[in-house]
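In: Fold the following, please.
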Amino acid sequence: MNKDFGKVAVLFGGKSAERAVSLNSGSRVLAALQHQGVDAHAFDPAERSLDELKGFDRAFIALHGRFGEDGTIQGALELMGIPYTGSGVLASALGMDKWRTKLMWQAVGLPVPAYALVNEHSDFAEVEEELGLPLFVKPACEGSSIGISKVKTEGGLQAAYAAAAEHDKLVLVEQGITGGEYTVAIIGQGDDMRALPIIKIEPANEFYDYEAKYLRDDTRYLCPCGLPAEKEAEIQAGALKAFRAIGGRGWGRVDFLMDEAGNHYYLEVNTSPGMTDHSLVPMAARVAGMDYEQLVLRVLALATLG
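Out: Presented below is the predicted three-dimensional model:
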């Protein structure tokens, strides 16, 4: 028995729109910890009272989306004095909100795609004209590409807005950057925080949507990503700056896009990344010489409060 971590609650499931993904992630994390002798136990906050966490020494958060990735469960664990994996309350809340993340990144001089906030009273034709086509329309506070659609034809924005608004009152419209989708995994905290090798994502679908992320086996993941070493290092440094700007710690992922001219734009951050067999952080860690079980232990070792 590995007693270094005490009794560990692996939090997964929950009641967000990403419950199915979380169940997949959490079950794999739990198995990896138990296989290494950690006294780890499944804990689904949708089925058990948080009071039952009393007696646990630390928590591995494998929840995704609302209530698990937005600062809510982090705040509860802070109050209970239970160290937990990943970012704290503020960083988790900011990272879940794509609009406020962009505001933070713009404030520190990081490039982001042109965007607009829309509501039912917006002049959709004007937004289309201003940002150009294609456009990506998304709920500001959802993950796993839930509620996202791509607008390719004039007049399509209003319907895309309606679809996104079913998931969140705050809807973001982003200029389409079509030169490639990439991600940078990050692990560590303080001066020991580092960026892992960049992964290029080549979906068979129109874009990297829920189906491409979790259900299809024809999405291609390239690591090494094919970018020149100097460019990769520049983007990794920017990703670390982006993660630190929101107050991120422990581990996470920063997604970015490339345009046809070779310019990069930071898209969003994930403070509670997936750990499924299709997930990106384990892929990058493997290329960096860290297998799944080593990654899980490393993340758990970084659990903290405050």
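
In: From here on, just use CA atoms for contacts and neighbour counts.
Out: Fine.

In: Touching, residue 292 and residue 281? I think so.
Out: No - using Cα atoms under 8 Å, residue 292 is not in contact with residue 281; the gap is 9.4 Å.

In: Spell out which residues make up each domain of this structure.
Out: Under the assignment automatic domain parsing, the domains of the chain span 2-85, 94-111+178-301, 115-175.

In: Ends of the second one, what's the gap?
Out: Right, domain 94-111+178-301. End-to-end distance of domain 94-111+178-301: 24 Å, with Cα to Cα, to the nearest Å as the criterion.

In: before we move on, what about the shortest one?
Out: With Cα to Cα as the measure, domain 115-175 spans 6 Å from end to end.

In: With just CA atoms, put stretch 20-31 into CSV.
Out: Only the C-alpha atoms of stretch 20-31 are listed here, as CSV (Å, rounded to 0.1, in the frame of the first residue of the first chain):
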residue,chain,number,x,y,z
ALA,A,20,-20.1,10.9,-19.3
VAL,A,21,-16.6,12.2,-20.1
SER,A,22,-15.9,12.6,-16.4
LEU,A,23,-17.0,9.1,-15.6
ASN,A,24,-14.5,7.8,-18.2
SER,A,25,-11.7,10.0,-17.0
GLY,A,26,-12.3,9.3,-13.3
SER,A,27,-12.6,5.5,-13.6
ARG,A,28,-9.2,5.4,-15.4
VAL,A,29,-7.5,7.7,-12.8
LEU,A,30,-9.0,5.5,-10.0
ALA,A,31,-7.7,2.3,-11.6
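
In: What residues of it count as buried?
Out: If you call a residue buried by 16 or more other Cα atoms under 10 Å, then stretch 20-31 has these buried ones: 21, 22, 23, 24, 25, 26, 27, 28, 29, 30, 31.

In: Can you give me the distance of the fourth one to residue 37?
Out: Distance, residue 24 to residue 37, using Cα to Cα: 21 Å.

In: Look at residue 144 and report its pLDDT.
Out: For residue 144, the pLDDT comes out at 56.

In: in the stretch 201-306 of the chain, which spans are helices?
Out: Using DSSP state H, counting those that start in this stretch, the helices of the stretch 201-306 of the chain run over residues 210, 229-245, 280-287, 292-301.

In: Can you list the low-confidence ranges for the stretch 151-300 of the chain?
Out: For the stretch 151-300 of the chain, the stretches flagged by pLDDT under 70 are 207-216.

In: Strands along that one, start to end?
Out: Using DSSP state E, counting those that start in this stretch, the strands found in the stretch 151-300 of the chain span residues 171-175, 181-188, 194-195, 199-202, 220-222, 250-258, 264-270.

In: same question, the stretch 1-150 of the chain
Out: For the stretch 1-150 of the chain, strands defined by DSSP E, counting those that start in this stretch occupy the ranges 2-11, 38-43, 58-61, 115-118, 135-139, 149-151.

In: hang on, the earlier thing: tell me the one of the buried residues of stretch 20-31 nearest residue 6?
Out: Nearest to residue 6 out of the buried residues of stretch 20-31 is residue 30 (Cα to Cα; 14.4 Å).

In: May I ask which two of the buried residues of stretch 20-31 are separated the most?
Out: Across the buried residues of stretch 20-31, the two lying at the largest distance from each other (Cα to Cα) are 21 and 31, at 15.8 Å.
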